[in-house]
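Engineer: okay, here's the prediction I keep looking at, along with the sequence it came from:
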Amino acid sequence: MKPDRSTPAASSPCLAASKAPTAPCVSTTPMARPAGIASGGCCLARSIASTDSSMRAMLCDATTTHNFSSSQRPARTATRARLLWDRENLYFFADMDDSDLYADVTEHDGETWENDVFELFFKPALDKPGYYEFQVNAAGTQMDMFLPRRGAGGYRRFKSDGRFRWQTAVQRRGTLNHWQDADEGWSVEGRIPWTDFLRTGGRPMVGERWKFALCRYDYSVAFEGPELSTCAPLASKQVPDFHAYEDYAGLRFEGPGPATALRPYGISQRVPLPGLRVEGTPDPPPPFRAERRYPRLALNYPLAVVQQPGTDLLLIVVQSTPYGATRLIRVADRADICQAETLLDDDRTIYSLAFHPNFARNGYLFVGHNGPASGGERFTRVSRFAMQTVSPYALDPASELVVIEWPSDGHNG
């Protein structure tokens with residue numbers, strides 16, 4: 001089968017070493033873990049927090065997905081795969097039986113599916129068309145891509161659209177590209193940083209659900225054509241289509257449990273301290289997910305936005321051209337807004353806005369800006385403006401008071 005052909009590859013077992021060990025190997029960074037996939041069922045990607053020394057035991061302890069099938073029958077050659085995840089990466093390991101190791105594609109983003117290859121497909125959003133494909137062949141060659149929509153150009157169009165930073169390592173138990181002998185198999189291990197998934201929001205939240213498929217091409221002189229197998233229940237077509245994400249298996253991201261959280265942050269539980277004023281958490285905030293909030297409002301080069309205290313109004317700095325003069329506008333924070341009120345429109349470049357803490361009483365707005373944008377000697381200034389504290393909240397340009405200024409082209413002080 002030649003699918004939509006955007007199938008990237010993953011490769012090689014020990015990311016920390018140039019040669020992979022003989023036993024199933026893990027990278028020296030913590031990894032993510034799935035519980036088994038029943039037919040059409042859900043795989044659990046289990047988060048861990050461990051020390052490097054515990055990683056091998058952690059990966060070996062991870063539940064193995066092994067029920068790979070081909071065209072509604074068990075695959076001719078067995079595959080065993082595992083997933084784990086942490087705050088930085090998604091980790092995978094696959095061990096494959098293979099009596100005829102074949103891989104001659106050595107160029108990154110080459111047509112690795114023409115070789116013995118292990119493939120990973122991830123579709124983070126059920127209501128969005130985009131999905132990822134990662135491939136690694138038995139020679140360790142990678143292929144990776146994000147497909148914004150199936151059937152929109154596939155491999156030829158998207159194979160070089162963006163850089164991925166995942167790492168892989170391959171271990172072979174046999175001789176590559178020598179069909180006359182009998183090989184035993186090969187294994188691949190890899191880590192995919194969550195930054196590789198930024199086009200769809202990056203790292204998932206605990207409990208989040210994706211769809212995925214782990215797939216394999218196995219070429220052999222013993223077969224008539226490649227053996228295609230997958231852990232996903234691809235039942236809608238007679239021939240397996242690895243891009244039929246409607247049939248992908250479910251993937252649920254679980255947090256670390258007592259058995260996997262091997263490196264607590266110093267204490268087993270947090271005891272409240274009366275009067276403590278420290279706020280926050282050791283976990284960074286999850287990646288932002290962008291959405292179009294104001295579909296009817298045209299904003300050219302927005303530089304800054306701040307909410308006007310006590311109102312649903314937003315002050316936004318926009319530019320008609322990069323590095324040019326700016327306008328300060330105001331809009332209501334409503335999804336149907338289509339027009340903006342102009343507060344300041346002159347020959348300055350505004351970089352920041354701040355309301356006085358006591359704005360409700362004094363009406364002070366502070367503006368950080370540089371200019372004149374049209375040329376001549378330029379200054380960076382902090383100016384104070386007076387604004388009405390009741391509707392219509394008019395801003396008086398003539399009320400400008402320069403608080404501080406210094407000669408500057410904008411980036412030198």
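Structural biologist: On my side now, so go ahead. Numbering: from 1, shown residues only.

Engineer: tell me who's in contact with residue 248.
Structural biologist: By C-beta atoms under 8 Å, 6 or more residues apart in numbering, residue 248 lies in contact with 121, 123, 211, 212, 213, 232. (Each C-beta comes from the backbone N, C-alpha and C, glycine too.)

Engineer: what's the most distant pair in those?
Structural biologist: With C-beta to C-beta as the measure, no two of the contacts of residue 248 lie farther apart than 123 and 232, at 10.7 Å.

Engineer: overlap in contacts, these two.
Structural biologist: Shared contacts of residue 123 and residue 232, defined by C-beta under 8 Å, 6+ apart, are found at 212, 248.

Engineer: more neighbours, those two?
Structural biologist: The neighbour count for residue 123 versus residue 232, taken as other C-beta atoms under 10 Å, is higher for residue 232 (25 against 21).

Engineer: so that one touches residue 247, yeah?
Structural biologist: Yes. Counting by C-beta atoms under 8 Å, residue 232 sits close enough to residue 247 to count as a contact (6.0 Å).

Engineer: so what are the domain limits for the chain?
Structural biologist: Following automatic domain parsing, one finds the domains of the chain at 42-254, 304-407.

Engineer: just those: most buried one?
Structural biologist: Burial of the domains of the chain is given as mean neighbour count (mean count of other C-beta atoms under 10 Å); domain 42-254 ranks first at a mean of 19.

Engineer: pLDDT of that domain, averaged?
Structural biologist: When pLDDT is averaged along domain 42-254, the result is 87.

Engineer: could I get the full set of strands for the stretch 251-400 of the chain?
Structural biologist: 304-307, 313-319, 326-332, 341-345, 349-355, 364-371, 379-387, 395-407 (DSSP state E, counting those that start in this stretch).

Engineer: can you redo those strands as a markdown table with distance to residue 79?
Structural biologist: What follows is those, written out as a markdown table (distance: least, C-beta to C-beta, whole Å):
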| stretch | distance to residue 79 |
| --- | --- |
| strand 304-307 | 50 |
| strand 313-319 | 53 |
| strand 326-332 | 55 |
| strand 341-345 | 62 |
| strand 349-355 | 55 |
| strand 364-371 | 58 |
| strand 379-387 | 61 |
| strand 395-407 | 66 |
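
Engineer: nearest to residue 227, out of those strands?
Structural biologist: Judged by C-beta to C-beta, the one of the strands of the stretch 251-400 of the chain that comes nearest to residue 227 is strand 304-307, at 55.0 Å.

Engineer: can you give me the offset of that closest one from its chain's centre?
Structural biologist: Put simply, strand 304-307 sits 27 Å off its chain's centre (C-alpha atoms, centre = their mean, to the nearest Å).

Engineer: show me what it is packed against.
Structural biologist: strand 313-319, strand 349-355 (3 or more C-beta pairs under 8 Å, 6 or more residues apart in numbering; DSSP states H and E).

Engineer: JSON lines for those strands, including distance to residue 113 and mean pLDDT?
Structural biologist: Listed next are those as JSON lines, based on distance: least, C-beta to C-beta, whole Å; pLDDT from 0 to 100:
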{"stretch": "strand 313-319", "distance to residue 113": "46", "mean pLDDT": "96"}
{"stretch": "strand 349-355", "distance to residue 113": "50", "mean pLDDT": "95"}
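
Engineer: dump these into CSV; add distance to residue 187 as well.
Structural biologist: Listed next are the helices and strands packed on strand 304-307 as CSV, based on distance: least, C-beta to C-beta, whole Å:
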stretch, distance to residue 187
strand 313-319, 53
strand 349-355, 53
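
Engineer: count of residues packed around residue 409?
Structural biologist: Residue 409 has 11 neighbouring residues, counting by other C-beta under 10 Å.

Engineer: contacting residues around it?
Structural biologist: Residue 409 touches 370, 378, counting by C-beta under 8 Å, 6+ apart.

Engineer: helix, strand, or coil at it?
Structural biologist: coil (DSSP: H, G, I helix; E, B strand; the rest coil).

Engineer: give me phi/psi at the closest residue to residue 228 other than its chain neighbours?
Structural biologist: Once flanking residues are discounted, residue 228 sits nearest to residue 240: 4.7 Å by C-beta to C-beta, 6 or more residues apart in numbering. Note on residue 240: backbone dihedrals following degrees, to the nearest 10 are phi -60, psi 130.

Engineer: tell me the centre residue of this structure?
Structural biologist: With distances taken as C-alpha atoms, centre = their mean, residue 197 lies nearest the centre of the chain, 2.0 Å away.

Engineer: surely that one is in a helix?
Structural biologist: Yes. Counting by three-state DSSP, residue 197 is found in a helix.

Engineer: could you measure from it over to residue 250?
Structural biologist: According to C-beta to C-beta, to the nearest Å, residue 197 and residue 250 sit 17 Å apart.

Engineer: what do you get for residue 369?
Structural biologist: According to C-beta to C-beta, residue 369 stands 52 Å off from residue 250.

Engineer: now residue 103
Structural biologist: Residue 103 sits at a distance of 31 Å from residue 250 (criterion: C-beta to C-beta).

Engineer: residue 126 too?
Structural biologist: For residue 126 relative to residue 250 (C-beta to C-beta), the value is 10 Å.

Engineer: with residue 160 instead?
Structural biologist: Residue 160 is 31 Å from residue 250, by C-beta to C-beta.

Engineer: ok so, going back, include distance to residue 273 when you put the domains of the chain into TSV, please.
Structural biologist: Converted to TSV, those look like this (distance: least, C-beta to C-beta, whole Å):
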stretch	distance to residue 273
domain 42-254	23
domain 304-407	29
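
Engineer: where along this structure do the helices fall?
Structural biologist: For the chain, helices defined by DSSP state H occupy the ranges 55-61, 154-158, 359-362.

Engineer: coming back round to it: shared neighbours, residue 126 and residue 250?
Structural biologist: Common neighbours of residue 126 and residue 250 (criterion: C-beta under 8 Å, 6+ apart): 209, 211.

Engineer: please consider this matter closed, and thank you.
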